[in-house]
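Q: Sequence unavailable; structure follows:
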């Protein structure tokens, strides 16, 4: 019978980077499950933490298994936890973390179960910061995903009302939500997207699908729906009082030129980023509404030569949108395959 003890001793040691990659994948998948997946806390109020049935309480925690599997795997797991959740690691002996990451994770789980809009996100950030200067990027990222997903439904509802020409008694509230969505989009690009890039690769891969889906929705709501609503508002004013040539007027020629220029550039950026999936997300109703609006602008007659630039931009966009609508109609109703190259 062979000596199994000598065979075990002769086995090559698994490289540390492989152990760390394995630990990161397990931690990332479990984190996604407990924050926004099947093990997330049910919806509740932040002040009401009594009688909470935690779906994760009765399920196996794979991270705990990593910590007791072997000395090497324990250290690899602790290293990943320290990097992912911004916790100091004491590597001596068996190794330990200064604070338990689960404390921050549980705090965020409570917040995510109670988030109802953008304003709750500031509260959530204070929950996961615990007095440190650095937020854990991955927790910050999940907070942003939840906040955006919660804010988007009324934003998209408003865009659909605009696209189909219907009025709604809560229009003022919907417009506020729409404008809030614009601010949120800017925050995403300038503040929260860097948090995604600061995450370890395994966490980027796990959260990537959620990030892409959210950002696709935000892109459509802000780049297309918001501009559509603003242009319609400008046209209503122009129909009433005419297009003033004063430079300081919010509905003047300069404002019109800038708005059309922004639409053209943002549409080009969105097409480069998303490709053909973008048009399926925009949808035929929005494209038809855009075509109606752009036709109105292209047919406007104004003696001032400075309006030629506005008219030319509208005509170019109209030709592009008409072609994209025709292509979209020929594809049927296939869903968009969301895969953003972050």
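A: That came in fine, so what should we check first? Source: prediction; values computed, not measured.
Q: Specify the residue ranges that define each domain of the chain.
A: If you go by automatic domain parsing, the domain ranges for the chain are 8-171, 242-331.
Q: residue ranges with poor pLDDT in the stretch 151-300 of the chain?
A: The stretch 151-300 of the chain contains residues with pLDDT under 70 at 151-189, 237-252.
Q: and if we set it to 80?
A: 151-193, 209, 211-219, 221-222, 225-226, 229-230, 232-256 (pLDDT under 80).
Q: Helices along that one, start to end?
A: Remark: helices assigned in the stretch 151-300 of the chain by DSSP state H, counting those that start in this stretch are 171-187, 193-198, 201-219, 227-241, 253-274, 277-298.
Q: Could you say which one of these comes nearest to residue 19?
A: helix 201-219 (12.6 Å; CB to CB). Just so you know, the C-beta spots here come from the backbone N, C-alpha and C atoms, and that holds for glycine as well.
Q: so what does that closest one touch, helix or strand wise?
A: The contact analysis (3 or more CB pairs under 8 Å, 6 or more residues apart in numbering; DSSP states H and E) places helix 201-219 against helix 16-35, helix 137-164, helix 171-187, helix 193-198, helix 253-274, helix 277-298.
Q: Can you check which of these gets nearest to residue 206?
A: Of all the helices and strands packed on helix 201-219, helix 16-35 comes closest under CB to CB, at 4.1 Å.
Q: Can you check what angle separates that closest one from helix 201-219?
A: 40 degrees (axes from the mean of the first three to the mean of the last three CA atoms, to 10 degrees).
Q: next SSE after helix 16-35?
A: helix 62-69 (DSSP states H and E).
Q: Which strands and helices lie in contact with that next one?
A: Using 3+ CB pairs under 8 Å, 6+ apart: helix 62-69 touches helix 16-35, helix 71-85.
Q: For the last one, buried residues please.
A: Buried residues in helix 71-85, counting neighbours by 16 or more other CB atoms under 10 Å, are found at 73-85.
Q: Of the residues you listed, just say which sits nearest to residue 196.
A: Residue 196 lies nearest to residue 84 out of those, by CB to CB, at 13.1 Å.
Q: surely that closest one meets residue 136?
A: Yes. With contact defined as CB atoms under 8 Å, residue 84 reaches residue 136; the gap is 6.7 Å.
Q: can you list residues touching both of those two?
A: When contacts are counted by CB atoms under 8 Å, 6 or more residues apart in numbering, residue 84 and residue 136 are jointly contacted by residue 101.
Q: on that earlier part again, ok, which of the helices and strands packed on helix 62-69 comes nearest residue 61?
A: That would be helix 16-35 among the helices and strands packed on helix 62-69, by CB to CB, at 7.0 Å.
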